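Enquirer: Sequence plus predicted model, see below.
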Protein chains: 2
Amino acid sequence: MSVIDELVDEFGKLPGVGPKTALRLVYHLMKGSADEARRLAAAIREVADRVHPCRVCGNFAEGAKCGICANASRDHATICVVEEAFEVGAVERTGVYRGVYHVLGGHLSPLDGIGPDELSVAALERRVDEDGVQELILATSSGVEGQATAVYLEGLFRPRGVRVTRPARGLPVNSDLEYVDGSTLSEALAGRKEM
Amino acid sequence: MSVIDELVDEFGKLPGVGPKTALRLVYHLMKGSADEARRLAAAIREVADRVHPCRVCGNFAEGAKCGICANASRDHATICVVEEAFEVGAVERTGVYRGVYHVLGGHLSPLDGIGPDELSVAALERRVDEDGVQELILATSSGVEGQATAVYLEGLFRPRGVRVTRPARGLPVNSDLEYVDGSTLSEALAGRKEM
């Protein structure tokens, strides 16, 4: 196999990149300067070599701890529990959350053989027991399995005297009623607040 | 800048890859095994280091000559002239062309300062004069500039006794008349053939 075909193959393994897109990317790199391609290769290599899960929370980290766990000015008594490390970025971009995170690595899914032992639940228990955690915000996904995971974690942690919350559900900002799905609208009505 | 941000940046320079797609690609690489990411980096590096223009035709090559120019069983008396190296692949995939290629590197575009000297026209003249070329198939693009480039090359090479052709224009296979654009249909009617 030529080095060109090999690269088409490797690009094709990326999500959302089919054979035609892969070929276009390869042509782009071949048309451009070799240095540009080398910079991309080096950047990928750097990430592969230097990024790994944070020892504390499971977020992406370049050192032993991620930037958030290593930051003393964050509120380490509040943990936002997410399923995947890339969801940390979504919460961070809001700019309003000052606590830390815990990455579960997925949600409970008995049919796929994913129980608490397959997720980083034991590590979360250890953090709660040893680090004076006061609140867990369960930001697991809103589907059935994410809900079940949140309920399971609530049962585990509420008895330990930790405040357990879940982000509010309701109408997205700037949404039109007619475009909001029925279950979101039902939850928004059920959870209505005094003005 | 973190190595993650740097990679998002580098991915974002690829065609059709915006900041969100770039971030998704980076997350994909970080979630997967580091070895998978290293393979991609190595494949890009290999292409950057080893692929360059064929000394004869300008196609992508791993050695001094591309696989087509180096292949003695191809018809070296017939040259298909294309604008860009990636167009060679499109013709090759038909599986019916047995000749060789010449990559111009673009089309004539006086307004952008692109004349014959900016394209590899001199190299094509040398090949025609020295290599016993009998036919040039001018597969430049079908726009005004591609047409003008074909006309220019015809004026240059027909006086030297070389057969100069252009791929047929007409209705694409499996096309519906109502979806074909007007100028294609006009050309198809003007160029109609006896059944």
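Expert: Arrived safely.
Enquirer: Would you mind listing the buried residues in the strand or helix carrying residue A:136?
Expert: If you go by DSSP states H and E, residue A:136 is part of strand A:135-138. Residues of strand A:135-138 classed as buried: A:136-138 (neighbour count, 16 or more other C-beta atoms under 10 Å in any protein chain shown). All C-beta atoms are positioned from the backbone trio N, CA, C, and that covers glycine.
Enquirer: Chain A: strands as residue ranges?
Expert: Per DSSP state E, chain A carries strands over the ranges A:52-53, A:60-61, A:75-82, A:99-103, A:135-138, A:163-165.
Enquirer: Throw the ones you listed into JSON lines and include distance to chain B and mean pLDDT, thanks.
Expert: Formatted as JSON lines, those follow (distance: least, C-beta to the nearest C-beta, whole Å; pLDDT from 0 to 100):
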{"stretch": "strand A:52-53", "distance to chain B": "8", "mean pLDDT": "90"}
{"stretch": "strand A:60-61", "distance to chain B": "6", "mean pLDDT": "92"}
{"stretch": "strand A:75-82", "distance to chain B": "13", "mean pLDDT": "96"}
{"stretch": "strand A:99-103", "distance to chain B": "11", "mean pLDDT": "97"}
{"stretch": "strand A:135-138", "distance to chain B": "22", "mean pLDDT": "95"}
{"stretch": "strand A:163-165", "distance to chain B": "26", "mean pLDDT": "95"}
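Enquirer: How about whichever helix in chain A runs longest and chain B, any contact?
Expert: Using DSSP state H to define each element, chain A has its longest helix at helix A:34-50. Yes. Shown here: helix A:34-50 in contact with chain B (C-beta under 8 Å from any C-beta of the partner chain) through A:34-50.
Enquirer: That helix vs helix B:34-50, what angle?
Expert: 160 degrees (axes from the mean of the first three to the mean of the last three C-alpha atoms, to 10 degrees).
Enquirer: Buried residues in helix A:34-50, which are they?
Expert: Those would be A:34, A:36-48, for helix A:34-50 by 16+ other C-beta under 10 Å.
Enquirer: I'd like to know which elements that helix is packed against.
Expert: Counting contacts by 3 or more C-beta pairs under 8 Å, 6 or more residues apart in numbering or on different chains; DSSP states H and E, helix A:34-50 is packed against helix A:19-31, helix B:3-12, helix B:19-31, helix B:34-50.
Enquirer: can you tell which of those is closest to residue B:96?
Expert: helix A:19-31 (20.2 Å; C-beta to C-beta).
Enquirer: Name every strand pairing with the strand holding residue A:136 and say which way it goes.
Expert: Sheet pairing of strand A:135-138 (DSSP bridges) gives strand A:75-82 (parallel), strand A:163-165 (parallel).
Enquirer: domains in chain A, as residue ranges please.
Expert: Residue ranges for the domains of chain A, per automatic domain parsing: A:3-50, A:60-194.
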